[in-house]
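Engineer: sharing a model prediction with you, sequence too.
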Amino acid sequence: MRRKLRKILPDHEAIRNNRWLAPFENTLLHPRLWHLNRRSAAGAVAAGMFCGLIPGPFQMLGAAVCAVIFRVNLPLAMAVTLYTNPFTIVPLYIVAYAIGQWALPGDHHEFVAPPEPGESGLIAWLHALIDWMVGLGTPLALGLVLLASGLAVASYFAVRVVWRIYLIRAWHHRRQRLAS
């Protein structure tokens, strides 16, 4: 499994030779950021899953910061954030909004579609759109944190279990090969 992932991920020499990343060489060349084992891979996938729901273009930056803080595999953490893309982000945010509504106490409101631009003018429509977004704010923010946390925890344990199963199967195949 490690060999397959190493073919895809860049090595630390590519970072060392990149002139833009030279000021961060001491931090980015820490051996644990490039070591690939089941702990670092599971932590990297969890960091990537959590940071993948960060709004905007800050997902990979967040994953890199988490990888440096927790000393998990940096390239894998950044690559995992790609699970959010233009096709998956809307369903994920709808699920996050639903989770946020469920988790918040009090009056639950149905999801209201965004306001349509009408005859009242652009300024009135923009005010209505801002009011609509503010109404989504608390349930969506809480839902994003809860969904990201749940995905991170689930993916951490899933990677650990899948890696363990892979190792056990490899041990059994090796034992059978040596026995015959």
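Structural biologist: Great, that's in hand.

Engineer: in three-state terms, label the most centrally placed residue in the chain for me.
Structural biologist: The residue lying closest to the centre of the chain (C-alpha atoms, centre = their mean) is residue 49, at 2.4 Å. The three-state label for residue 49, taken from DSSP: H, G, I helix; E, B strand; the rest coil, comes out as helix.

Engineer: check the gap between it and residue 171 for me.
Structural biologist: Distance of residue 49 to residue 171, computed by C-beta to C-beta, to the nearest Å: 28 Å. (Glycine included, C-beta is placed from N, CA and C.)

Engineer: ok, residue 36 next?
Structural biologist: 19 Å.

Engineer: the more surrounded of the two?
Structural biologist: residue 36 (18 against 10; other C-beta atoms under 10 Å).

Engineer: so the more buried one, which of the three states?
Structural biologist: Under three-state DSSP, residue 36 comes out as coil.

Engineer: do the one 5 residues further on as well
Structural biologist: With three-state DSSP as the basis, residue 41 sits in helix.

Engineer: now do the contacts for it.
Structural biologist: 5, 72, 73, 76, 159, 163 (C-beta atoms under 8 Å, 6 or more residues apart in numbering).

Engineer: over to residue 67?
Structural biologist: Applying C-beta under 8 Å, 6+ apart to residue 67 gives the contacts 33, 44, 47, 73, 74, 77, 78.

Engineer: is it true that the second one touches residue 73?
Structural biologist: Yes: Residue 44 sits in contact with residue 73 when judged by C-beta atoms under 8 Å, with a separation of 4.0 Å.

Engineer: what average pLDDT does the helix or strand hosting residue 175 get?
Structural biologist: Using DSSP states H and E, residue 175 sits within helix 122-179. Helix 122-179 shows a mean pLDDT of 88.

Engineer: got it, and stretch 20-31?
Structural biologist: For stretch 20-31, the mean confidence score works out to 68.
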